[in-house]
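> please work out how this folds:
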Amino acid sequence: MAGEAPNWEGLLKWSLAHSDGTLPNRKFSDEDRKWFMEAVQAQTIDVVKRMKEITLVMQTPEQVLEAQGVTSADLEGMLDELQEHVESIDMANDLHSIGGFPPLLNYLKNSHANIRAKAAEVVTTIVQNNPKSQQLVMEANGLEYLYPLFTSDPDVNVRTKALGAISSLIRDNKPGVTAFRLANGYAGLRDALSSESVRFQRKALNLISYLLRENSSDCNIISDLGFPRIMVHLASSEDLEVREAALRGLLELAQEKTGGAKVTLAEEDGKLKQLLEDRIKGISLMSPQDLGAAREERQLVDSLWSACFNEPSSLREKGLLVLPGEDAPPPDVASKHFEPALRAFTPNPAHIKPDTEKKETTPLLLGSGPPPESRDDSNGRLQ
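Okay, the predicted model is just below:
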């Protein structure tokens, strides 16, 4: 990897000077062509080669790394770099081809909490919107590595990162959802809802809503596990996103058709009605700015009231359901809480380093490092 960031400003000035849109295109001179190609190639990273080097480090025993003076901060920085590379779906799949999945999953057992958390983040990036890598990580027993971190790790940040990885691994992945359910995943989610960590609660609630939408029969399972009582409590959280996610889960239960979940929700009828009345009162006292931010909560409160009590909420009478300037149809209250759009349409940030960073990066290698390899093409991709 080059020691200095690319001089993008210089390249931009050169491009503007030679093509301002007012003059016809002209041919590169040999000197211009040589200068331009050298400037670009000087900043080209052989990504696959670099991932092989990182894999070699991950395969090295922890005590050997410590003896070489490698710190947990060094390893965390290395995983940061790996995460940038695997933002590209092709590179995420190439990491498996070069044997990078097993040592990465082993880092989920590292003695340092920050390494375990960062490794879970890398797994999240690899499997996000990537069916092939989802399958490969499942085949490598990735869920078996992640689940104990989610349920039992002493560090709540690690638990939160592991849950994020599980969410990305099983999303739109029926075998993954089945494996999660068989692993008693709902019990783990119930424990997460009882955590003091708002971030952990959010992730658990959003995964619950997704699972219930995919399989409404699971409403009976989570009702039997006591989720409605916990959700009613969380729907009064001071955190807006937790409130919205809890209301969304309660709405899924209220709209469930088979009856079992509705019976359980009816047992919370008094508390639920009081909760909704309190939320309507709270919404009524909001400033115009806060009302705009709480648009989704307003829609959820009204929908839940209608589903439970077969009548519109007083938000409609007060003119607080749809504010002036808002469209009448309710917004999408669910999909935005999961993974963003496909990464395939996003440039790989590993190839773009802003000029303002000025940070010298030294590859983390042991000894003299692996022998030089010939590149297959300018992108460093596997053939």
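> every contact and neighbour count from this point should use C-alpha atoms.
Noted.
> helix or strand: which one has residue 233?
If you go by DSSP states H and E, residue 233 is part of helix 227-234.
> now stretch 101-111: mean pLDDT?
Stretch 101-111 carries an average pLDDT of 97.
> span of it from start to end?
From its first residue to its last, stretch 101-111 covers 19 Å (Cα to Cα, to the nearest Å).
> contacts for that stretch?
With Cα atoms under 8 Å, 6 or more residues apart in numbering as the test, stretch 101-111 has contacts from 55, 58-59, 95, 115-117, 119-120, 137, 140, 142, 145-146, 149.
> generate a PyMOL selection restricted to the buried subset of those residues.
Selection of buried members from those for PyMOL, criterion 16 or more other Cα atoms under 10 Å:
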select buried, resi 55+58+59+95+115+116+117+119+120+137+142+145+146+149
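> ok, the contacts of stretch 101-111 vs residue 228, which is closest?
Closest approach to residue 228 among the contacts of stretch 101-111 (Cα to Cα): residue 149, at 25.3 Å.
> who's the closest spatial neighbour of the closest one, skipping the chain neighbours?
residue 159 (5.5 Å; Cα to Cα, 6 or more residues apart in numbering).
> which stretches in this structure count as strands?
Remark: no strands are assigned in the chain by DSSP state E.
> what ranges does the stretch 151-300 of the chain have for its helices?
156-170, 174-182, 185-193, 198-214, 218-224, 227-234, 240-254, 260-267, 269-284, 288-293, 295-309 (DSSP state H, counting those that start in this stretch).
> as a markdown table, these with mean neighbour count, mean pLDDT and distance to residue 77 would be great.
Formatted as a markdown table, those follow (neighbours: other Cα atoms under 10 Å; pLDDT from 0 to 100; distance: least, Cα to Cα, whole Å):
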| stretch | mean neighbour count | mean pLDDT | distance to residue 77 |
| --- | --- | --- | --- |
| helix 156-170 | 25 | 98 | 17 |
| helix 174-182 | 15 | 96 | 30 |
| helix 185-193 | 19 | 97 | 29 |
| helix 198-214 | 21 | 96 | 23 |
| helix 218-224 | 19 | 89 | 40 |
| helix 227-234 | 20 | 94 | 36 |
| helix 240-254 | 25 | 94 | 30 |
| helix 260-267 | 19 | 61 | 47 |
| helix 269-284 | 16 | 92 | 44 |
| helix 288-293 | 12 | 92 | 36 |
| helix 295-309 | 20 | 94 | 38 |
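> can I get those in JSON lines including distance to residue 64?
Putting the helices of the stretch 151-300 of the chain into JSON lines (distance: least, Cα to Cα, whole Å) gives the following:
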{"stretch": "helix 156-170", "distance to residue 64": "24"}
{"stretch": "helix 174-182", "distance to residue 64": "35"}
{"stretch": "helix 185-193", "distance to residue 64": "35"}
{"stretch": "helix 198-214", "distance to residue 64": "34"}
{"stretch": "helix 218-224", "distance to residue 64": "46"}
{"stretch": "helix 227-234", "distance to residue 64": "47"}
{"stretch": "helix 240-254", "distance to residue 64": "44"}
{"stretch": "helix 260-267", "distance to residue 64": "54"}
{"stretch": "helix 269-284", "distance to residue 64": "57"}
{"stretch": "helix 288-293", "distance to residue 64": "52"}
{"stretch": "helix 295-309", "distance to residue 64": "52"}
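> now the end-to-end length of stretch 234-242.
Terminal residues of stretch 234-242 lie 7 Å apart, using Cα to Cα.
> make that stretch 125-139, sorry
Stretch 125-139: ends 17 Å apart by Cα to Cα.
> show me which positions of that stretch end up buried.
125-131, 133-135, 137-138.
> restricted to helices, list the residues you listed.
Counting by DSSP state H, the buried residues of stretch 125-139 place 125-127, 131, 133-135, 137-138 in helices.
> from the middle of its chain, how far away would stretch 301-317 be?
Here the centre of stretch 301-317 is set off from its chain's centre by 33 Å, with Cα atoms, centre = their mean, to the nearest Å.
> touching it from outside, list them.
Contacts for stretch 301-317 (Cα under 8 Å, 6+ apart): 247, 250-251, 254-255, 273, 276, 279-280, 298, 321-322.
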